[in-house]
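# The sequence and its predicted three-dimensional model are supplied below.
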Amino acid sequence: MIGLISTIYRFLWGDLFSIPLPGGGSVGISLLVLMLIPTGVYFTIRTRFLPIRLFPEMLRLTLEKRSGSHAGAISGLQTLIVSTATRVGMGNLVGVVAAISAGGAGAVFWMWISALLGASTAFIEATLAQLYKEKDPLYGGYRGGPAYYIHHFAEEKLGGKKRRYTIVAVLFAISGLICWCGISQVISNSVSSAFQNAFHIPPLYTTIILVALSAVIVLRKNATVKVLDVLVPIMAGCYFLLTLLLLVKNIPLLPAVFQRIFAEAFGLRQVVAGGFGAVLMNGVKRGLFSNEAGSGSAPCAAAAADVTHPVKAGLLQALGVFIDTIVICSCTAFIMLMTPESDMAGLQGMDLLQASMRHHLGQFGVVFIALVLWLFSFSTFIGILFYARSNVAYLFGDNWLSQTAYKVLALIMLFIGGLATYTFVWDLGDVGIGLMTVFNIIVILPMSKQALAALKEYEQTLRSRS
């Protein structure tokens, strides 16, 4: 079994082939990058560069209230907060550190490019989730996501006959539940390690507190959205404001930081040294899998939005990609690049980031990063269990037994992960999100014409109002 999972992992995440470059280097292309980048380019062109063109409209929609058409539903902004909770996680901290360590400062530029492309993909999948959402008899409001629009797509291809399940939709839902269990373990392990480094607290104590707090929230019917409404703006806002203060404090260094980012993104030195492939692919991969565009996760939240037009939910999720990569990931990158390399020699992962923060803010910086990681990870766990609702309902029907059973399983995985340095389930998490992406992309490409038609209609409405 372990050998099978490892084989699938290498197929999804490993290099399918390499493109040789001048200087003896090469760019390795994985299946997921091969699917996500062309898809992002295609949707960016088809939407006529929507992330840039409609950015003011995205910001306006954050101020729009819930339409009030269905009791128990949540607003578009609230679904943006839920999806931001899961996007803004360890990838924004450790993932960015890893990208810069492996690919240099130039990786940051390619993260930005992947975000612009990913925003268009996020728009398409979130709009489709809205088009095929259903009423949620258990939690109130709406539910949906890729399992539901994949199901409808398969029914149409099979002659329109109604079915309880379709194969690809079932595979997507199972992959999602596997992925989120794996992520639960990684979350608690990262938090317990960071607290041990910052406060010398044994992992057992940190894990017990994390699991207890999580259980209080996720086992209550509708506490998730209420908690994230408060938690996400605070955690993201604090991290962003602290970064701004550091940027102001180190403003003389900024021109050199930007020069380094752009020079290493295109620089001859990287090409000649054979390192351009590492710069490009580390930036692209970290950007794609930090913002989750195309994986089918965020549409599970987008479907729950009570909005007057499906495109509004799509635009808000496109904004979520911007918040994740352009804002939060860039914060981590700037903190890293303003730190002397001598202070970070020989370090990696969270130790590298904590050393960088120690340079800027002393011991307070180490403590701050530990607390931020705890908030990012805690909100991610709560958010992924919100995602899981619709997938559990698709597989097992509308009943509290299956909903509660999955939550308990995720809490058990959260506990195990805090105490174990490595478990097999972590690899299952990576395989899960990879399979989710494959199943999602192969369906949203042919279904995209519906989202594009909805966008055209929405823009016509906007023009008629102006």
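Received it, and whenever you're ready, just let me know what you need.
# Please count neighbours and contacts with C-alpha atoms only from this point.
Fine.
# give me the low-pLDDT residue ranges for this structure?
Residue ranges of the chain with pLDDT under 70: 1, 21-27, 66-73, 88-95, 98, 102-103, 267-290, 345-350, 421-426, 466.
# can you give me the strands in it?
Using DSSP state E, the strands of the chain run over residues 15-20, 26-30, 134-135, 142-143.
# Distance to Pro310 added to these, as CSV?
Compiled in CSV, those are given as follows (distance: least, Cα to Cα, whole Å):
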stretch, distance to Pro310
strand 15-20, 37
strand 26-30, 32
strand 134-135, 13
strand 142-143, 13
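# what's the closest of the ones you listed to Tyr205?
strand 142-143 (35.8 Å; Cα to Cα).
# circling back: go through the strands of the chain and pick out the most buried.
With neighbours defined by mean count of other Cα atoms under 10 Å, none of the strands of the chain is more surrounded on average than strand 142-143, at a mean of 26.
# who does that one pair up with?
Here strand 142-143 has these sheet partners by DSSP bridges: strand 134-135 (antiparallel).
# what's around Thr166, how many residues?
Neighbour count for Thr166, taken as other Cα atoms under 10 Å: 18.
# That one and Phe153 touch, don't they?
No. If you go by Cα atoms under 8 Å, Thr166 and Phe153 don't touch, sitting 9.4 Å apart.
# Okay, helices next: where are they in the stretch 51-200 of the chain?
Counting by DSSP state H, counting those that start in this stretch, the stretch 51-200 of the chain has these helices, from start to end: 55-61, 76-87, 90, 96-103, 106-131, 146-157, 167-199.
# err, the stretch 251-400 of the chain, not the other one
254-266, 268-272, 276-291, 299-302, 310-321, 330-337, 349-361, 363-396, 400-419.
# hmm, who's touching the last one?
So that's helix 400-419. Outside of helix 400-419, the residues within contact range by Cα atoms under 8 Å, 6 or more residues apart in numbering are 138, 180-182, 184-192, 203-204, 206-208, 211, 214-215, 218-219, 385, 389, 392-393, 396, 423.
# Filter those down to the buried ones.
Neighbour-count burial (16 or more other Cα atoms under 10 Å) is assigned, among the contacts of helix 400-419, to 180-182, 184-192, 203, 206-208, 211, 214-215, 218, 385, 389, 392-393.
# What about the residue nearest to Phe262 when sequence neighbours are not counted, how many residues nearby?
Nearest residue to Phe262, sequence neighbours excluded (Cα to Cα, 6 or more residues apart in numbering): Gly106, at 6.1 Å. Around Gly106 there are 27 other residues, counting by other Cα under 10 Å.
# for Ala303, what are its contacts?
With the criterion set at Cα under 8 Å, 6+ apart, Ala303 makes contact with 126, 129-130, 132-133, 142-145, 313.
# meant to ask about Val232, not that
Val232 sits next to 81, 84-85, 379 when contact means Cα under 8 Å, 6+ apart.
# Could you report the distance from the closest residue to Lys161 other than its chain neighbours to Met436?
Sequence neighbours aside, Glu155 is the residue nearest to Lys161 in space, at 6.0 Å (criterion: Cα to Cα, 6+ apart). According to Cα to Cα, to the nearest Å, Glu155 stands 19 Å off from Met436.
# got it, and Val225?
24 Å.
# and what of Phe55?
From Phe55 over to Met436 the distance is 28 Å, taken as Cα to Cα.
# and what of Phe195?
Distance from Phe195 to Met436, by Cα to Cα: 32 Å.
# same check, this time on Thr380
Relative to Met436, and taking Cα to Cα, Thr380 is found at 18 Å.
# Tell me which of Val225 and Met436 has more neighbours.
Set Val225 next to Met436 and count neighbours by other Cα under 10 Å: Met436 wins out with 28 against 19.
# wait, isn't the more buried one in contact with Glu292?
No. Contact between Met436 and Glu292 fails when scored by Cα under 8 Å: they sit 10.6 Å apart.
# Check the gap between Ile113 and Pro51 for me.
With Cα to Cα as the criterion, Ile113 and Pro51 are 11 Å apart.
# what about Gly104, how many residues close to it?
Residues near Gly104, counting by other Cα under 10 Å: 24.
# no, scratch that, I was asking about Leu419
20.
# ok, now Ala122?
By other Cα under 10 Å, the residues close to Ala122 number 31.
# quick revisit: what about Ile113 and Pro51, which has more around it?
A count of neighbours by other Cα under 10 Å puts Pro51 above the other of Ile113 and Pro51, at 24 against 17.
# doesn't Ala318 make contact with that one?
Yes. In this structure, Pro51 is within contact of Ala318 by Cα under 8 Å, at 6.8 Å.
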